[in-house]
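In: Please find the sequence and the predicted model below.
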Amino acid sequence: MKPKEIVVIIPTKDIFVGDPKAPVTLTEFGDYESEACCKVNEVVDKLLKEFDGKMKFNFRHFPLTKIHQHSMKAAEASLGAAQEGKFWEMHNMLFAHRRRLGAISLREYAKDVGVVNKKFLDDLVNSTYGWQVRSDLLEGLDKGVRDVPAFFINGELFTGKPTFDNLSKGIVAALKQSKKKTAAKVKA
């Protein structure tokens, strides 16, 4: 009898876009079927360009399964793609096709972004990544998330409307705070 192979799953909390050493971390808890999350995804893209080198972004799953029947599987599909380094490609693909997120469509999107795992559909059917999605959801609930999109800037809940201007102001404030902390460390 062969020993069972242990598969390490890369969780979403470890997947970032932007400069890994950036002083500001923008985290969003979102749902791939949400119209508001789709719109704010464009805002995040602009922020990443505007604050290039100063900000990194992390997307966490918060599927609103009572109103979005495909949101859980879409989140799992993004994690399946993440295992091959294709999280962000799948992330954008899911928002682009948020009205067609059935299992067969998810498999096609994965293929389109370059996922080669032959068991991708099996992984979806068997909820291979379900616990990781649930972990994000529970963490969001612990942090006070009740609706999506919900943003955190350096771990602090952002309470304004998530527009480009409002999030920019929050990021600028976090950058100033970061500079103060760095200056205080240098003096000490």
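Out: Looks like it came in fine. Residues are numbered from 1 along each chain as shown.

In: Every contact and neighbour count from this point should use C-alpha atoms.
Out: Will do.

In: Strands of the protein, residue ranges please.
Out: Using DSSP state E, the strands of the chain run over 17-18, 24-30, 55-61, 150-153, 156-158.

In: Contacts for the fourth one, please.
Out: This points to strand 150-153. Strand 150-153 is contacted by residues 24-30, 157-159, 162, 170-171, 174 when judged by Cα atoms under 8 Å, 6 or more residues apart in numbering.

In: Go again with 7 Å.
Out: Strand 150-153 has contacts (Cα atoms under 7 Å, 6 or more residues apart in numbering) with 24, 25, 26, 27, 28, 29, 30, 157, 158, 171.

In: If we go by neighbour counts, what in the lowest-mean-pLDDT helix or strand in the chain is buried?
Out: Sorting the helices and strands of the chain by mean pLDDT, DSSP states H and E puts helix 164-187 at the bottom, at a mean of 86. If you call a residue buried by 16 or more other Cα atoms under 10 Å, then helix 164-187 has these buried ones: 164, 167, 168, 170, 171, 174, 175.

In: ok, and the closest non-adjacent residue to the most centrally placed residue in the chain?
Out: In the chain, the residue lying closest to the centroid (Cα atoms, centre = their mean) is residue 59, at 1.6 Å. Excluding its sequence neighbours, the residue lying closest to residue 59 (Cα to Cα, 6 or more residues apart in numbering) is residue 28, at 5.0 Å.

In: Which residues does that neighbour form beta bridges with?
Out: Legend: beta-bridge partners of residue 28 under DSSP bridges are residue 59, residue 151.

In: Burial check on it, number of neighbours?
Out: Neighbours of residue 28 under the rule other Cα atoms under 10 Å: 25.

In: OK, contacts around it?
Out: Residue 28 neighbours (Cα under 7 Å, 6+ apart): 58, 59, 60, 149, 150, 151, 152.

In: Residue 58 versus that one, what's the distance?
Out: Distance of residue 28 to residue 58, given as Cα to Cα, to the nearest Å: 6 Å.

In: Contacts for the least confident helix or strand of the chain next, please.
Out: Counting by Cα under 7 Å, 6+ apart, residues outside helix 164-187 touching it are 23, 24, 43, 153, 160.

In: what does stretch 66-74 give?
Out: Here stretch 66-74 makes contact (Cα under 7 Å, 6+ apart) with 31, 32, 33, 63, 64, 65, 101, 102, 106, 124.

In: Distance check, the residue nearest to residue 36 when sequence neighbours are not counted against residue 89.
Out: Of all residues beyond its chain neighbours, the one nearest residue 36 is residue 149 (6.7 Å), with distances taken as Cα to Cα, 6+ apart. Per Cα to Cα, residue 149 is found 19 Å from residue 89.
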